[in-house]
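Peer 1: predicted model follows, preceded by the sequence.
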Amino acid sequence: MKHEIVTSDITVVGGGLAGVCAAVAAARLGQTVSLVQNRPVLGGNASSEIRVWVCGATSHGVHRNARETGIMGELFVENQYRNIDGNPYIWDLVVLEKVKAEPNITLFLNTDVHEVDASGDDDHRTIQAVTGWMMGSERRIRFESRVFLDCTGDGLVGFLAGAKFRIGREAQHEFNEEWAPLVPDDITLGSTLLFYTKDAGRPVKYIAPSFAKDITQTSIPMKRVIRSGDNGCAYWWIEWGGEHDTVHDNERIRDELSSVIYGIWDYIKNSGKFDSANLTLEWIGSIPGKREYRRFVGDYVLNQNDVIAQELFEDRVAFGGWSIDLHPPQGMYATAKGSKHMHMDGSYHIPFRSLYSTNVSNMLMGGRNISASHVAFGTTRVMATCAVIGEAAGTGAALCAAKGISPRELHSEHLSELQQTLLRQDASILGVANTDEADLVRSAALTASSTLTELALEQSAGLYPLNTHVALLVPVDPFINGIALFIDTTAATELTVELWNTGKPQNYVPHALVSSVVVPVSEGSEQWVTAALQWEPEHAQNAFIILKSNPSVSVHLSSRPQSGVLSFKHDATSADTVDFGDMHHHQPVIDWSPRGFLRKPICFRLLSPTSAFTAEKAADGHKRPYGSPHLWSSAGGSGAEEWLEASWTETHSIREVHVTFNDDVNEDLINLHHHRTEFEIIPELVKDYQVQAWVGDSWTTVVEATNNHTRHHVHVLDSAVSTNRLRVVVASTNGSAHVEIVELRCYR
């Protein structure tokens, strides 16, 4: 046996997406990181070994402008570019390469940490080291660090260190949670195995193994959706173990799940009820994908009311948006539906106090084991949310290691620095503005080659009948003075149009009625009719404009999308779905669905100019939509080069230029195959550009980039350039008619 000691600034245990993002975030901030993973691949439940879709704040397209940025966003966009068809092995490579690109990370695969060296009393403990066994190499490795991150999911490191934790469901009275049980218990969400099928092109027989479950003798065929040819994750409901111990009973749970999968396949192949003659079983998982086990106690326990109210925590460092998604304890054998969902009105915030242990002074948590009640965990547990939590925890760990302080001290003394560091990294954080004093662009004057001031979509790609209410969301900056709509009518009628605000800036649902008009309309095709809606809010925000249903009217849909503009239809029947379980009552984001309008919003013209896309918006402090688009957009259509310029009254010596391009965070990307997005590169992304500085009496190119397909760029110049003018010149985009830049920063 080989004994080794590895010393680094930070040790991250767990190589799922939370651990990956934590390690990358810390390494990019200059800290040395040991990333320890007990499997041969990274990605955890998202890896090719388990193959769960990476879900997050978009909630499969329910929430608008909610796709994660930061490291998780980089993974989504890169996977779309390389792996549009969702090959799980290519996804493994995308994740692995993200880690290997960081020289400050040392990766230890196949290394199972099972010992923790910690000291102190129950209320104040400190981890000195963790020890792991590298399987297949016979290496016993002791990892010594100043700061440790438990990203194991099951929370083994914190447990062995003596961290306070919870398992199971809290009583309803503890947090006054509607969905908590009356009395506490140790019930958790169960585990799942998945399987893949393929069409072999010829008949394939299937003989079930002797241990296959006869599912006709269970409630499964009556209570669950079974279809031939479904993709792997469509069988997320093959779940069991919630009434058992999902860790200590892991082998028993795996055997039960496996027996059911082979039984389901026997039912599909041999019952005669399915068109399955040519289908074969291509892959079946051998490692249960766990949903829940230990949840550590931090300085704050996130609960259901925080999530639903979208509590604006002062120490917010990440966001989520997946519904509170809880499953019956009996899993696949339950007579109830496989899940129940409670959606918030938009993205919610996650506080830093929930990401560090209340009693282990140098341990942070990333992923599903953060400090949350069981009910709140029902939303924070999904992997893209775990990933952004991991990035926030890794960033916090890096600052703690650099300063020699605890996470609690970081929160109390350096919270603004933590949040500003996250913003600088393009992390997923909402409603916190850039106040970085080192960013030179904050004191610059911004100008542009052109600006989009007339907001209109006039080219029709088809009709949509008003058999239900539809809605159009547009930015109001600084006011709206009427809107024209492109419609067809089969008879003279009246069209009722309402203007609502959206409440919170991250929400895209009607909240409070502002005004309403009734528009008389004559019979005819391709009419522009004017709704004389007027609104001048105290600050820029979105207007949710509802066109009430009218069977005599159809609206034209645009042939192209427009940043800042969304469309919806009202669908009260969506409150209960066959595949995804029961929906809680009164959920506006479910009632107002964007499906059918993706990249085809309703045609319209704003009858007043807009300031929503001026050059100053690229330095207004926000890096994603939040009450308004928060980006500069060119006027579009000229075909000429467009530029965004920052200028100062004095000369600065500039060494770093940060540029964030628009990658349309409204586009719901996926790592595997829940759905297919048809383009490899987000069309709104800038393709070819230069960064130029005014030197002497001419423009000098200091950065040149071609064939760009990503969002956030940090350009470190070979040598500092002295200038009082700097600009980004864009030659082309990846398909959009407009050049759009979310943020420009410069540093000495």
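Peer 2: Happy to help now that I have it.
Peer 1: spatially nearest residue to Ser259 (excluding sequence neighbours)?
Peer 2: In this structure, Ser259 finds its nearest non-sequential neighbour in Lys213, 4.4 Å apart by C-beta to C-beta, 6 or more residues apart in numbering. To be clear about C-beta, it is placed using only N, CA and C from the backbone, and glycine gets the same treatment.
Peer 1: cool, and Arg424?
Peer 2: Nearest non-adjacent residue to Arg424, counting by C-beta to C-beta, 6+ apart: Asp436, 6.4 Å away.
Peer 1: burial of the one you found, as a residue count?
Peer 2: 18 (other C-beta atoms under 10 Å).
Peer 1: which SS class is it?
Peer 2: Here Asp436 is recorded as coil under DSSP: H, G, I helix; E, B strand; the rest coil.
Peer 1: rewinding a little: right, and the residue nearest to Ser259 touches Gly263 too?
Peer 2: Yes. The pair formed by Lys213 and Gly263 meets the contact definition of C-beta atoms under 8 Å, at 3.7 Å.
Peer 1: stretch 332-350: end-to-end distance?
Peer 2: 31 Å (C-alpha to C-alpha, to the nearest Å).
Peer 1: quick one: buried residues of that stretch?
Peer 2: Going by neighbour count (16 or more other C-beta atoms under 10 Å), the buried part of stretch 332-350 is 332-334, 337-350.
Peer 1: what does stretch 190-201 give?
Peer 2: Of the residues in stretch 190-201, those with enough neighbours to count as buried (16+ other C-beta under 10 Å) are 190-197.
Peer 1: care to break the chain down by domain?
Peer 2: In terms of domains, the chain is parsed into 2-170+300-316+341-424, 191-284, 440-450+613-747, 456-606 (source: automatic domain parsing).
Peer 1: can you say which of these is packed in most?
Peer 2: Burial of these is given as mean neighbour count (mean count of other C-beta atoms under 10 Å); domain 2-170+300-316+341-424 ranks first at a mean of 23.
Peer 1: report the rounded mean pLDDT for that one.
Peer 2: Looking at domain 2-170+300-316+341-424 alone, the average pLDDT works out to 98.
Peer 1: that domain spans what distance, first to last residue?
Peer 2: The first and final residues of domain 2-170+300-316+341-424 sit 42 Å from each other (C-alpha to C-alpha).
Peer 1: mind checking how far it is from the chain centre?
Peer 2: From the chain centre to the centre of domain 2-170+300-316+341-424 is a distance of 15 Å (C-alpha atoms, centre = their mean, to the nearest Å).
Peer 1: try stretch 197-210
Peer 2: 37 Å.
Peer 1: on that earlier part again, any idea how far Glu417 is from the residue nearest to Arg424?
Peer 2: As judged by C-beta to C-beta, to the nearest Å, Asp436 and Glu417 stand 10 Å apart.
Peer 1: same deal with Lys223?
Peer 2: Here the distance between Lys223 and Glu417 works out to 52 Å (C-beta to C-beta).
Peer 1: repeat that for Val716.
Peer 2: For Val716, the distance to Glu417 equals 21 Å [C-beta to C-beta].
Peer 1: need the contact list for Ser258.
Peer 2: If a contact means C-beta atoms under 8 Å, 6 or more residues apart in numbering, then Ser258 has 193, 211, 284, 286 as its contacts.
Peer 1: so the first one sits against Leu257, correct?
Peer 2: Yes. Taking C-beta under 8 Å as the definition, Leu193 is a contact partner of Leu257 at 4.1 Å.
Peer 1: mind listing the shared neighbours of these two?
Peer 2: Contact criterion C-beta under 8 Å, 6+ apart; residues shared by Leu193 and Leu257: 238, 288.
Peer 1: who's in contact with the residue nearest to Arg224 when sequence neighbours are not counted?
Peer 2: In space, and not counting its chain neighbours, Arg224 is closest to Trp237: 5.5 Å by C-beta to C-beta, 6+ apart. Neighbouring residues of Trp237 by C-beta under 8 Å, 6+ apart: 192, 224-225, 331-332, 338-339.
Peer 1: please apply the same query to Leu472.
Peer 2: Leu472 makes contact with 483, 545, 547, 565-567, 601-602, 604 under the criterion C-beta under 8 Å, 6+ apart.
Peer 1: at 7 Å what do you get?
Peer 2: By C-beta atoms under 7 Å, 6 or more residues apart in numbering, the residues touching Leu472 are 545, 567, 601-602, 604.
Peer 1: same thing with Leu566?
Peer 2: 64, 473, 508, 594, 601, 666.
Peer 1: scan this protein for its longest strand.
Peer 2: Scanning the chain for the strand with the most residues, using DSSP state E, yields strand 712-733.
Peer 1: average pLDDT for the helix or strand following it?
Peer 2: Counting by DSSP states H and E, the next helix or strand C-terminal to strand 712-733 is strand 740-747. Averaging pLDDT along strand 740-747 yields 98.
Peer 1: for Glu684, phi and psi?
Peer 2: In terms of degrees, to the nearest 10, the main-chain angles of Glu684 are phi -70, psi -20.
Peer 1: wait, it touches Ser736, no?
Peer 2: Yes. With contacts defined as C-beta atoms under 7 Å, Glu684 counts as touching Ser736 at a distance of 4.6 Å.
Peer 1: ok so, going back, quick one: which of the contacts of Leu472 is nearest Lys98?
Peer 2: Using C-beta to C-beta, the shortest approach to Lys98 within those belongs to Pro601, at 33.6 Å.
Peer 1: what's the closest non-adjacent residue to that closest one?
Peer 2: By the measure of C-beta to C-beta, 6+ apart, the closest residue to Pro601 outside its immediate chain neighbours is Ser567, 4.1 Å from it.
Peer 1: cool, Cys746 as well?
Peer 2: Leu440 (4.3 Å).
Peer 1: ok, the one you found touching His652?
Peer 2: Yes. Under the contact definition of C-beta under 7 Å, Leu440 touches His652, with a separation of 5.5 Å.
Peer 1: can you list residues touching both of those two?
Peer 2: Counting by C-beta under 7 Å, 6+ apart, nothing touches both Leu440 and His652.
Peer 1: sorry, back to before: mind putting the contacts of Leu472 into CSV with secondary structure?
Peer 2: Rendered in CSV, the data for the contacts of Leu472 read as follows (three-state DSSP):
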residue, secondary structure
Ile545, strand
Ser567, strand
Pro601, coil
Ile602, strand
Phe604, strand
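Peer 1: and those residues, which two are the farthest apart?
Peer 2: Using C-beta to C-beta, the two most remote members of the contacts of Leu472 are Ile545 and Pro601, lying 11.3 Å apart.
Peer 1: for the closest residue to Asn662 other than its chain neighbours, what are its contacts?
Peer 2: Distances taken as C-beta to C-beta, 6+ apart put Glu740 closest to Asn662, at 3.9 Å, once the chain neighbours are dropped. When the contact criterion is C-beta under 7 Å, 6+ apart, the partners of Glu740 are 563, 631-633, 661-662, 684.
Peer 1: what's the closest of those residues to Phe143?
Peer 2: For these, the closest approach to Phe143 (C-beta to C-beta) belongs to Phe661, at 38.1 Å.
Peer 1: who's the closest one bridged to?
Peer 2: Beta-bridge partners of Phe661, counted by DSSP bridges, are Ile741.
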